[in-house]
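A.B. asks: Provide a 3D model corresponding to the input given below.
(one chain, ligands or ions: 4)
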Amino acid sequence: MVQTPEPTSSAPDTAQSFSLWRDARHLFILGIILAGVGYAGIQVRQMMLPEGFGTEGPYRAAAIDEIKARPSLLVADTTCLECHTDVKDEREGTLHEAVACMHCHGFGREHVELARAAAEDPSKEIPAAQEWDGDFFTKIDLFTTEDRRTCLACHEQAIGMPADFKKIDVAFHLEDMGAEEPKSPNVCFECHGGHDTAP
Ligand code: HEC
Ligand code: HEC
Ligand code: HEC
Ligand code: HEC
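C.D. replies: Numbers count the residues shown, from 1 in each chain. Ligands and ions are numbered 1, 2, ... in the order given. Take a look at the predicted model:
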C-alpha cells in the first residue's frame with residue numbers, strides 16, 4: 001500500500017491522488033488493448049489478402065500469368081498482309097506504310113479467324129466488312145469507310161502537334177485544293193486514297 005502524502009494547504013488536490021501503481025495499470029490496459037487491436041488487424045489483413053500477394057511485389061503474383069493467358073486484342077499488320085498482298089504493294093514506300101490497319105478497318109480479330117477458316121474450307125464464307133458507325137471505340141470487328149473523320153483524327157491541325165507533321169487546316173486545304181464537295185464526309189477521297197495517300 002502506497003502512503004499518500006498529507007494534504008498541505010499550498011498543494012492542489014490532484015497531487016494527493018498520485019498513485020504510481022494505478023497509472024501504470026492504466027498504461028498496461030491501454031497496451032493490452034492496442035496489442036489486441038493490432039493483432040486482430042493483422043489477422044483481418046491476412047484473411048483479406050489474396051493469395052500470392054507480396055511475393056513478387058505489392059501485387060498478386062498470379063495476376064501476371066492470368067494477364068498473359070488473355071487473348072491478345074491486337075492483330076499485327078504483318079498478319080493482315082499475309083493475305084492482302086495488294087494492300088502491301090499499294091502502301092509500299094508511302095508514308096502510310098507505318099499506319100496500322102486497325103485505324104481504318106478495326107481490330108479484325110474475328111475476320112482473321114474466319115478468313116483462315118475459309119482458306120482451309122472453301123465452303124465457308126468471309127462476312128463482308130461493315131460500314132464504320134462513326135465511333136472510334138466501335139465494337140465492329142471489320143469495317144471500311146471513307147469518312148473524313150478517320151483521316152482528321154491524325155491530320156487536323158491542332159495545338160501542340162509537331163511542327164513538321166503533315167497536317168491540314170481543313171477548310172483552307174479543301175478550298176486551296178479546289179475540292180468539289182467540301183461538305184461531303186468523303187471529300188478527302190476525291191483526291192487521296194487510304195493506302196497510297198499521294199494525291
Ligand atoms: C487468311 C487471310 C486473311 C487475313 C489474315 C486477313 N484477311 Fe482481310 N480478307 C481476306 C479475304 C479472302 C477477304 C474477302 C475477299 C477480299 O475482299 O479480298 C478479306 C476481306 C477484307 C476486307 C473487306 C474488303 C471489302 O471490300 O469488303 C478488309 C477491309 C480486310 N479484309 C482487312 C483485313 C485486315 C485489316 C486484316 C488484319 C487484321 C485482314 N484483313 C486479315 C483474307 C484475309
Ligand atoms: C488511313 C486509312 C487506312 C489504313 C491505315 C488502311 N486502309 Fe485499307 N482501306 C482504306 C480505305 C479508305 C479503303 C476503301 C474503303 C471503301 O471501300 O470505301 C480501304 C480498303 C481496303 C480493302 C478493300 C479492298 C481494296 O484494296 O480496296 C482492304 C482489303 C484493305 N483496305 C485492307 C487493309 C489492310 C490489310 C491494311 C493494313 C496493312 C489497311 N487496309 C490499312 C483505308 C485504310
Ligand atoms: C493513325 C494516324 C493516321 C491516319 C488515321 C491517317 N494518316 Fe495520313 N499520315 C499519317 C502519318 C504518320 C503520315 C506521315 C506524316 C509525316 O511524315 O509528317 C501521314 C501522311 C499523309 C499524307 C502525306 C503523304 C505524302 O506522301 O506526303 C497524306 C496526303 C495523308 N497522310 C492523308 C491521309 C488520309 C486521306 C487519311 C484518311 C484516309 C489519313 N491520312 C489517315 C498518319 C495517319
Ligand atoms: C481536291 C483535292 C484534295 C482534297 C479534296 C483533299 N486533298 Fe489533301 N492534298 C491534296 C494535294 C494536291 C496535296 C499535295 C499538295 C500539298 O502538299 O500542298 C494534299 C496534301 C495533303 C496532306 C499533306 C500536307 C502536307 O503538309 O504535306 C494531307 C495530310 C492531306 N492532304 C490530307 C487531306 C485530308 C484529311 C483531306 C480531307 C479532309 C484532304 N486532304 C482533301 C489534294 C486534296
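A.B. asks: separation between Ser19 and Arg25?
C.D. replies: For Ser19, the distance to Arg25 (C-beta to C-beta, to the nearest Å) stands at 9 Å. C-beta here means a position set from N, CA and C on the backbone, and glycine is covered the same way.
A.B. asks: what's around Lys183, how many residues?
C.D. replies: Applying other C-beta atoms under 10 Å, we find 7 residues neighbouring Lys183.
A.B. asks: wait, is it part of a strand?
C.D. replies: No - when classified by DSSP: H, G, I helix; E, B strand; the rest coil, Lys183 is found to be coil rather than part of a strand.
A.B. asks: Show the backbone phi and psi for it.
C.D. replies: Reported as degrees, to the nearest 10, the phi and psi values for Lys183 are phi -90, psi -10.
A.B. asks: I'd like to know the average pLDDT value across the longest helix seen in the chain.
C.D. replies: Secondary structure of the chain read by DSSP state H shows that its longest helix is helix 20-48. Per-residue pLDDT values over helix 20-48 give a mean of 93.
A.B. asks: And the residue of this structure closest to ligand 2?
C.D. replies: Closest contact between the chain and ligand 2, by C-beta to the nearest ligand atom, is at Gly194 (2.2 Å).
A.B. asks: If you drop the residues flanking it in sequence, what lies closest to that residue?
C.D. replies: Cys104 (5.6 Å; C-beta to C-beta, 6 or more residues apart in numbering).
A.B. asks: got the CA positions of the helix or strand hosting the one you found in CSV?
C.D. replies: Taking DSSP states H and E as the criterion, Cys104 maps to helix 102-105. Listed next in CSV are the C-alpha coordinates belonging to helix 102-105 (Å, rounded to 0.1, in the frame of the first residue of the first chain):
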residue,chain,number,x,y,z
MET,A,102,-6.8,-1.1,-87.4
HIS,A,103,-7.1,2.7,-87.5
CYS,A,104,-9.2,2.4,-90.6
HIS,A,105,-10.5,-1.1,-90.5
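A.B. asks: No further queries at this time; thank you.
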